[in-house]
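**Q** task: produce atomic coordinates for the following.
(2 chains)
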Amino acid sequence: MQTQLTHLDALEAESVHIIREVAAEFERPVLLFSGGKDSAIMLHLAHKAFSPARIPFPVMHVDTGHNFYEVISYRDEALDIYGVRLIVASVQESIDKGRVVEDTGPRASRNRLQTTTLLDAIVDNRFDAVFGGGRRDEEKARAKERVFSFRDEFGQWDPKNQRPELWNLYNGKHRKGEHIRVFPISNWTEMDVWQYIAREPVLIPSIYYAHRRRVFSRDGMWLSESPLIPMLPGEEVQEMTVRYRTVGDLTCTGAVESPATTNEEIIAEVSAATITERGATRADDKFTEAAMEDRKKEGYF
Amino acid sequence: MEMLRFATAGSVDDGKSTLIGRLLLDSKAIFEDQLESVERSSADRGFDYTNLALLTDGLRAEREQGITIDVAYRYFATPRRKFIIADTPGHIQYTRNMVTGASTADLALVLVDARNGIVEQSRRHSVIASLLQVRHLVLCVNKMDLVDYDEGRFDEIVAEFSAFAAKLDVDDLTFLPISALNGDNVTTHSPNMPWYDGPTLLHHLEHVFIGADRNLIDSRFPVQLVIRPMSHDHHDYRGYGGQVAGGTFRPGDDVMVLPSGFATKIAGIDRLGKPVEEAFPPDSVTIRLTDQIDISRGDMLCRPHNQPTVTQDISAQICWFNSDRKFEVGKVYAIKHTTKWARAKATDLLYRLDVNSLSRDEGVDSLGLNEIGRVKLRTTQPMLVDNYERNRTTGSFILVDESTFETVAAGMIIGAD
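**A** Residues are numbered from 1 along each chain as shown, chains lettered A, B, ... in the order given. Below is the predicted model of the structure:
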């Protein structure tokens, strides 16, 4: 009798347990969906957790308006397959309403503005549990975060005063106006995610696989040619074979040179990688040593 | 590939961060950009070496103060296993973090400095690992390079610790002479210690047998939620979602539902959408029964002839986590045990455990932050419990303050049968 689960089975069982705890204990959960591979996995796990019933909560896309069109078409296809309702929280609307002021200049990014849009949407929809696809291996501040992460009425995270989290006993108690961010795939690594995608029928955006793209180099990253990113003097567009290791706002997500067109080739590439996925592809983490911690304290994903 | 979760406790002085850094580096789980960032921060802070602690100390406050405040989780994998490290601070004021890290660990790694031998901190870490029923304990005698790789010194420490460990509840105790700084016996055998013919640390972590650690005898299935699609295709489907907490379940098995006491049979088990022939811990599955019975969250499926104790009186060891309020007899807390919430009144405090000496301080009237004690609780509803040493899932609970909603204690049930 084989009774030892593989690491993917054990991770999946843990994530499903967490997702079900939330569905059982909270009134208004929502799943944040960026269109990236981690949210694809989250959606798939939620689907499996309640099968054959439907996923009992909506998904929310915090939309910077700076999207890869491949990601939006993937989003609509995936949500249709899983039969879940989509809520779009628009950063453009937050700008139009004067809730936030947009940066200007060639390096302007809407990344940070997303926090206000997200927190406003949580309040407007009275969400009490917000699922995120964050993983602890991604970044050192995330390595410290609980699976059930308490947020006060301002959406703030207090890293020095986190609730102890033991066994699989999660404490989601909170007052009205406060909420809990829930990270069911905390213990997954980038490698686990790819192994799982290779094993399961998880749909992900096509840009994770190698394709020809017109890109230019900035700050050591290959950014996609786009009307959304004004070019700086000296920057030159060239066509290359690239893929994305992470998918976020188009203006601050870089591509990597890669010939990998299959999951197996990507797994081989991830095994040999020498730079972390965020280090290779995210400008937003590069400001300071504590960039992620600071954004998270304000209420970021 | 199997997964092994292990907890490490200790401070920078023990070389714990160096050891973890070494394991991560040698298994290529640290990337160039992380290493560069640590090298840059080390230089900025005036260290003349690369301080690998900066890799795990992720919070600004930790880096500013040069201390580890909270549990950090780290991941690496070899072709044999995936590892999750719960890296916890070692000082007494962080006992609660150590308890947190140990609660899910298969193995605990305790480091001692070969020059200092067993100190209070090493004893405390071992006691906590034992209390949390971490079955495998590895004592790494570090900094062997600073005692000239002396076999005699290693043997002394082994003898001293073995005498102490005899009082603990640990199934499997392993001793390793290492130098984390030089990599001796960490991932490769050390040419400096030809007298040591045991495994390297990594080899031990890859091969230690954990298959027998879960309880595969007492079948326990706490119901998390009822799954009723109410759709055209699955009109009559009614399943009970949950994670197996003990034993095995198969279609056709006779089961009993607690606390109602109804007997029925398992009609089928769906493992996340697909029917399976059996389920065992820690599988998350959906169980269908042959009879339509009223079952809800907090109920438990078990075997008719092997049931948990149904009781409103719980006897337990608890570790107290809160600095603002103490545990006191007469107070009422929210309690979460498996998937069930209830309220619990503290009815007795028998003694406080001295985690350094294992002695019992009787006649105390409260438990403060990081203190461990033997208590009795009276719950508002019957709880379905096992002894913690028999089952870590059905034997554990948390207490939550009803006014602040903070998690204030972790409890391990004893004397349930």
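**Q** how close does whichever residue of the stretch 1-150 of chain A sits closest to chain B get to residue A:15?
**A** Per C-beta to the nearest C-beta, residue A:140 is where the stretch 1-150 of chain A lies closest to chain B, at 3.2 Å. Placement of C-beta: from N, CA and C, glycine included. In this structure, residue A:140 and residue A:15 are 22 Å apart, going by C-beta to C-beta, to the nearest Å.
**Q** cool, and residue B:94?
**A** According to C-beta to C-beta, residue B:94 and residue A:15 sit 28 Å apart.
**Q** swap in residue B:392?
**A** With C-beta to C-beta as the criterion, residue B:392 and residue A:15 are 19 Å apart.
**Q** tell me the pLDDT at the most centrally placed residue in chain B?
**A** Compute the mean C-alpha point of chain B, and by C-alpha atoms, centre = their mean the closest residue is residue B:103, 2.1 Å away. Per-residue pLDDT puts residue B:103 at 95.
**Q** helices of the stretch 251-400 of chain B, residue ranges please.
**A** Here the stretch 251-400 of chain B has no helices by DSSP state H, counting those that start in this stretch.
**Q** please enumerate the strands of it.
**A** Applying DSSP state E, counting those that start in this stretch to the stretch 251-400 of chain B gives strands spanning B:254-258, B:262-271, B:274-276, B:284-289, B:300-302, B:309-320, B:327-328, B:332-337, B:340-353, B:360-362, B:366-367, B:372-385, B:396-400.
**Q** residues near residue 193, how many?
**A** No chain in the question, so chain A it is. Residue A:193: 25 surrounding residues under other C-beta atoms under 10 Å in any protein chain shown.
**Q** was after chain B, sorry
**A** Other residues lying near residue B:193 total 20 when counted by other C-beta under 10 Å.
**Q** measure the spatially closest residue to it that is not a sequence neighbour to residue B:199 for me?
**A** Once flanking residues are discounted, residue B:193 sits nearest to residue B:149: 5.0 Å by C-beta to C-beta, 6 or more residues apart in numbering or on different chains. Noted for residue B:149: a distance of 17 Å to residue B:199, by C-beta to C-beta.
**Q** give me the more crowded residue out of those two.
**A** Shown here are residue B:149 and residue B:199; by other C-beta under 10 Å, residue B:149 has more neighbours (20 against 16).
**Q** right, and that one touches residue B:191 too?
**A** No: using C-beta atoms under 8 Å, residue B:149 is not in contact with residue B:191, being 9.7 Å away.
**Q** by mean pLDDT, point me to the weakest helix or strand of chain A.
**A** helix A:277-281 (a mean of 64; mean pLDDT, DSSP states H and E).
**Q** so after it, what's the next helix or strand?
**A** Counting by DSSP states H and E, the next helix or strand C-terminal to helix A:277-281 is helix A:291-298.
**Q** centre of the chain versus that next one, how much separation?
**A** Averaged C-alpha coordinates place helix A:291-298 at 15 Å from its chain's average position (C-alpha atoms, centre = their mean, to the nearest Å).
**Q** which strands or helices does that helix pack on?
**A** Helices and strands in packing contact with helix A:291-298 are not found; criterion 3 or more C-beta pairs under 8 Å, 6 or more residues apart in numbering or on different chains; DSSP states H and E.
**Q** ok, residue B:23 - contacts?
**A** Going by C-beta atoms under 8 Å, 6 or more residues apart in numbering or on different chains, residue B:23 touches B:29, B:76, B:85, B:186-187, B:201-202.
**Q** of these, buried ones?
**A** Buried residues within the contacts of residue B:23, counting neighbours by 16 or more other C-beta atoms under 10 Å in any protein chain shown: B:29, B:76, B:85, B:186-187, B:201-202.
**Q** for residue A:23, which of the strands of the stretch 251-400 of chain B is the nearest?
**A** strand B:284-289 (12.6 Å; C-beta to C-beta).
**Q** secondary structure for the contacts of residue B:23 - can I get that in a markdown table?
**A** As requested, the contacts of residue B:23 are exported to a markdown table (DSSP: H, G, I helix; E, B strand; the rest coil):
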| residue | secondary structure |
| --- | --- |
| B:29 | coil |
| B:76 | strand |
| B:85 | strand |
| B:186 | coil |
| B:187 | coil |
| B:201 | helix |
| B:202 | helix |
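**Q** now do the SS call for residue B:24.
**A** Of the three states, residue B:24 takes helix according to three-state DSSP.
**Q** surely it meets residue B:76?
**A** Yes: with contacts counted by C-beta under 8 Å, residue B:24 reaches residue B:76, the gap being 5.4 Å.
**Q** mind checking pLDDT for the closest residue to chain A within the stretch 301-417 of chain B?
**A** Closest approach of the stretch 301-417 of chain B to chain A (C-beta to the nearest C-beta) occurs at residue B:405, with a separation of 3.9 Å. pLDDT for residue B:405: 95.
**Q** give me the neighbour count for the residue lying closest to it once chain neighbours are set aside.
**A** Nearest residue to residue B:405 in three dimensions, chain neighbours excluded: residue A:173, at 3.9 Å (C-beta to C-beta, 6+ apart). Using other C-beta under 10 Å, the number of residues around residue A:173 comes to 21.
**Q** can you list the weak-confidence ranges in chain B?
**A** Along chain B, the parts satisfying pLDDT under 70 run over B:10-12, B:30-32, B:48-69, B:417.
**Q** gap between residue B:117 and chain A?
**A** With distances taken as C-beta to the nearest C-beta, to the nearest Å, residue B:117 is found 31 Å from chain A.
**Q** quick revisit: contacts only, for the residue nearest to the centre of chain B.
**A** Residues near residue B:103 by C-beta under 8 Å, 6+ apart: A:166-167, B:132, B:392, B:396, B:410.
**Q** what are the phi and psi values for it?
**A** Phi and psi for residue B:103, reported as degrees, to the nearest 10, are phi -60, psi -30.
**Q** got a list of what residue 174 touches?
**A** Going with chain A. Going by C-beta under 8 Å, 6+ apart, residue A:174 touches A:128, A:150, A:180, B:405.
**Q** meant chain B, my bad for not saying
**A** Contacts of residue B:174 by C-beta under 8 Å, 6+ apart are B:136-139, B:198, B:204, B:208.
**Q** my read: the residue of the stretch 301-417 of chain B closest to chain A touches residue A:172, true?
**A** No: counting by C-beta under 8 Å, residue B:405 sits too far from residue A:172 to count as a contact (9.0 Å).
**Q** who has more neighbours, those two?
**A** residue A:172 (20 against 17).
**Q** what helix or strand does that one sit in?
**A** Residue A:172 belongs to no helix or strand, assigned by DSSP H and E.
**Q** try residue B:96
**A** Counting by DSSP H and E, the element that carries residue B:96 is helix B:95-103.
**Q** by contact count, what packs against the helix or strand harbouring residue B:38?
**A** According to DSSP H and E, residue B:38 maps onto helix B:32-44. Contacts defined by 3+ C-beta pairs under 8 Å, 6+ apart place helix B:32-44 against helix A:277-281, helix B:53-56.
**Q** so the residue of the stretch 1-150 of chain A closest to chain B versus residue A:296, what's the distance?
**A** Residue A:140 is 11 Å from residue A:296, by C-beta to C-beta.
**Q** all good on my end, thank you.
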